[in-house]
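**Q** Have a look at this prediction, sequence included:
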Amino acid sequence: MNPLLKIGISCYPTLGGSGVVATELGKMLAERGHEVHFITDRMPFRLGQFHPNIFFHEVEVSDYYVFRYPPYDLALANKLAQVAKQENLDLLHVHYAVPHAICAYLAKQMVGQHLKVVTTLHGTDITILGHDPSLRDLIRMAIHESDAVTAVSQDLITETYEVLSVEKPIELVYNFVDPRDYIAPANPQLRAQFAQPHEKIMLHMSNFRPVKRICDVIDIFADVNVQMPSHLIFVGEGPELAKTVNRVKELGLTNRVHYLGKQNNVAEVIGLADLLLLPSEKESFGLVALEAMAAGVPTIGSDAGGIPEVVKHGIDGFLAPVGDTKLMAAYAIQLLSNPQLYSEFSLAGMQRARSQFSAATIVEQYENIYYKVAQTDQMKTSVNL
Ligand code: GMT
């Protein structure tokens with residue numbers, strides 16, 4: 001007999017892996033009978049169909065003329081507290097420390113200690129913002145004041161202890177994929193729109209920030225293309241996109257590179273590709289590598305941060321030191337020119353995505369954390385899960 005919970009989730013609704021993980025988690029929790037309240041500035045983009053256990057509360061920010069900067073963080077804290085009181089929430093699960101964990105702390109002060117706060121650290125909230133003197137102490141405080149803190153890789157846990165000298169225990173809860181999203185076979189008609197049958201397709205999907213090292217993606221692709229005619233698909237948008245387009249032009253590769261912009265149906269797009277390229281400078285987890293594994297697409301990437309916890313070098317992908325694009329290209333060629341090895345990698349990735357990173361396992365881990373922090377006497381209903 002496990003009690004059902006009322007859970008508030010706050011995250012970046014339209015950007016990056018942390019928002020995807022938070023949204024998918026909310027959907028899974030709702031399927032398991034919990035009542036889930038998203039408290040965000042926009043409808044999370046992966047929320048999809050109506051679900052009777054999922055509610056959305058929009059954060060509205062005052063635009064009063066004296067404000068030089070709209071006070072989003074205050075509006076979020078206030079909304080978290082309002083929804084928590086109105087809906088009698090058991091807990092808030094906030095994703096990405098800034099500003100969500102800090103706002104949740106404020107909300108807790110407004111609502112009372114019975115409102116529990118679970119904070120999930122995702123990456124640059126520690127690896128970049130944790131070094132920022134204008135935020136560092138606030139992040140540390142929010143971590144200490146959370147009832148439970150999780151991080152998406154062991155590497156991120158280690159770095160959080162190093163960067164912020166926190167004493168709080170941080171639990172490892174990996175990101176996950178829902179295997180049901182990856183059951184459709186790759187669509188050959190769609191693939192034919194990008195490449196001839198004898199050509200290979202490489203994919204890079206990101207928010208095009210400098211940390212992704214898009215120039216390395218292009219260099220790896222250019223090297224592979226010399227030996228094996230290929231196409232490169234870019235999915236996503238961000239600050240490095242214009243530079244990327246110029247570099248591709250300079251190299252005379254424009255007719256081999258396709259820019260799809262932001263896409264919602266990640267599984268279908270990944271299904272087009274033979275390889276995922278992820279040569280990031282830093283990546284606390286690399287959700288896209290897991291999504292690719294789930295679809296049977298091996299990753300060629302860097303051995304940075306938490307990537308080696310997701311992609312097992314020589315088993316379901318190949319990793320090389322950051323910036324070593326020659327080695328990454330050599331690995332890509334090795335894999336693409338050996339069908340036996342390719343199908344072993346592809347299968348191994350699919351299996352690991354469905355065992356170590358399956359939604360069912362990871363969502364249960366989060367539920368156990370919720371049960372640990374939530375007071376049983378405040379739990380509303382009971383069911384058999
Ligand atoms: O931290 C960021 O830069 C953004 C964040 C996001 O919202 O996508 O990315 C981080 O969280 C993802 C989900 O847990 C991880 O898969 C990414 O590896 C991580 N990004 C970095 O560490 C650069």
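**A** Nice, I can see it.
**Q** Low-confidence ranges, the stretch 1-150 of the chain, go.
**A** Residues of the stretch 1-150 of the chain meeting the criterion pLDDT under 70: 1, 15.
**Q** Tell me which residue of the stretch 101-250 of the chain lies closest to the ligand.
**A** At 2.5 Å from the ligand, Gly123 is the closest residue in the stretch 101-250 of the chain, using C-beta to the nearest ligand atom. Backbone N, C-alpha and C define where each C-beta goes, glycine included.
**Q** Spatially nearest residue to that residue (excluding sequence neighbours)?
**A** Computed as C-beta to C-beta, 6 or more residues apart in numbering, the closest residue to Gly123 that is not its neighbour in sequence is Ser284, at 3.4 Å.
**Q** you'd agree that neighbour is up against Pro308?
**A** No. If you go by C-beta atoms under 8 Å, Ser284 and Pro308 don't touch, sitting 11.9 Å apart.
**Q** Now do the contacts for Gly286.
**A** Each residue near Gly286 by C-beta atoms under 8 Å, 6 or more residues apart in numbering is listed here: Leu278, Ser280, Thr299, Gly301, Gly305, Gly306, Ile307, Val310, Val311.
**Q** Next, format those as CSV and append pLDDT.
**A** As requested, these are exported to CSV (pLDDT from 0 to 100):
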residue, pLDDT
Leu278, 98
Ser280, 98
Thr299, 98
Gly301, 98
Gly305, 97
Gly306, 98
Ile307, 98
Val310, 98
Val311, 98
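**Q** Out of the residues you listed, name the ones that lie in helices.
**A** Of these, the ones assigned to helices by DSSP state H are Ile307, Val310.
**Q** Pull up the residues of the stretch 1-150 of the chain that are close to the ligand.
**A** In this structure, the stretch 1-150 of the chain approaches the ligand at residues Tyr12, Gly16, Gly17, Ser18, Gly19, Val21, His122, Gly123, Thr124, judged by C-beta under 6 Å from any ligand atom.
**Q** Just give me the closest of those residues to Val111.
**A** Tyr12 (22.8 Å; C-beta to C-beta).
**Q** quick one: secondary structure of that closest one?
**A** coil (DSSP: H, G, I helix; E, B strand; the rest coil).
**Q** try Phe56
**A** strand.
**Q** List the beta-bridge partners for it.
**A** Phe38 (DSSP bridges).
**Q** Please determine how far it is located from Thr254.
**A** Phe56 is 41 Å from Thr254, where distance means C-beta to C-beta, to the nearest Å.
**Q** what about the closest residue to Leu156 other than its chain neighbours, which helix or strand?
**A** Using C-beta to C-beta, 6+ apart and skipping residues adjacent in sequence, the residue nearest Leu156 is Ser284, 4.3 Å away. Assigned by DSSP states H and E, Ser284 belongs to no helix or strand.
**Q** ditto for Lys85
**A** helix 72-86.
**Q** that older thread, which one of Ser284 and Pro308 has more residues nearby?
**A** Ser284 (29 against 18; other C-beta atoms under 10 Å).
**Q** What backbone torsions are found at the more buried one?
**A** For Ser284, the backbone dihedrals (degrees, to the nearest 10) come out as phi -70, psi -30.
**Q** Show the contacting residues for it.
**A** 121-124, 126-127, 151-153, 155-156, 159, 305-306.
**Q** Now, these that are in strands?
**A** Leu121, Ala151 (DSSP state E).
**Q** Just put the contacts of Ser284 in TSV and tack on neighbour count.
**A** Shown next, in TSV, are the contacts of Ser284 (neighbours: other C-beta atoms under 10 Å):
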residue	neighbour count
Leu121	29
His122	27
Gly123	27
Thr124	19
Ile126	28
Thr127	20
Ala151	26
Val152	27
Ser153	25
Asp155	22
Leu156	26
Glu159	21
Gly305	23
Gly306	25
